[in-house]
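S.K.: One predicted model, sequence on top.
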Amino acid sequence: MGFLYIFGTIIFTVYGQLMLKWRIDKVGSLPEAAFEKLLFLFRLLLDPLILSGFLSAFVASLFWMAAMTKFDISFAYPFMSLSFVLVFLLSVFLFSEPVTAQKVIGLSFIVLGIIVTSQSM
């Protein structure tokens, strides 16, 4: 059951990040003027889908607290880097972001690190 808490944390974290990116891409760039920046960010805060991203971060925190009752943080925390892998893969498909050799190599090191760390349980 503990791993479900870790993966719940990852899924809700990834959802929040992707939702923020998607909605911000729809709205456009941050304005130059300071007051306009403030208004821009305030308007984003009123977007229901942006709010769902923030709520998702809160839910991820609840899952993380549950995970901490089951595992040492030194064991569980490396699994959080799976969110980097999922965000990368989904950003390629959802936002047509580029795939580069450096990104693939870096993500491979992350996965290798998770495998090595998970053997310590």
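M.R.: Looks like it arrived, so ask away.
S.K.: what's around Gly53, how many residues?
M.R.: Applying other CB atoms under 10 Å, we find 20 residues neighbouring Gly53. C-beta here means a position set from N, CA and C on the backbone, and glycine is covered the same way.
S.K.: Give the other helices and strands that the helix or strand harbouring it contacts.
M.R.: Assignment of secondary structure by DSSP states H and E places Gly53 within helix 48-68. Contacts of helix 48-68 with other secondary structure elements, assessed using 3 or more CB pairs under 8 Å, 6 or more residues apart in numbering; DSSP states H and E, are made with helix 2-27.
S.K.: quick one on the thing from earlier: for the helix holding Gly53, list every residue counted as buried.
M.R.: Judged by neighbour count using 16 or more other CB atoms under 10 Å, the buried positions of helix 48-68 are Ile50, Gly53, Ser56, Val59, Ala60, Phe63, Trp64, Ala66, Ala67, Met68.
S.K.: Let's test this: mean pLDDT of that helix, rounded?
M.R.: Along helix 48-68, the predicted confidence averages to a pLDDT of 97.
S.K.: do stretch 9-17 as well
M.R.: Stretch 9-17 carries an average pLDDT of 97.
S.K.: That'll do, ta.
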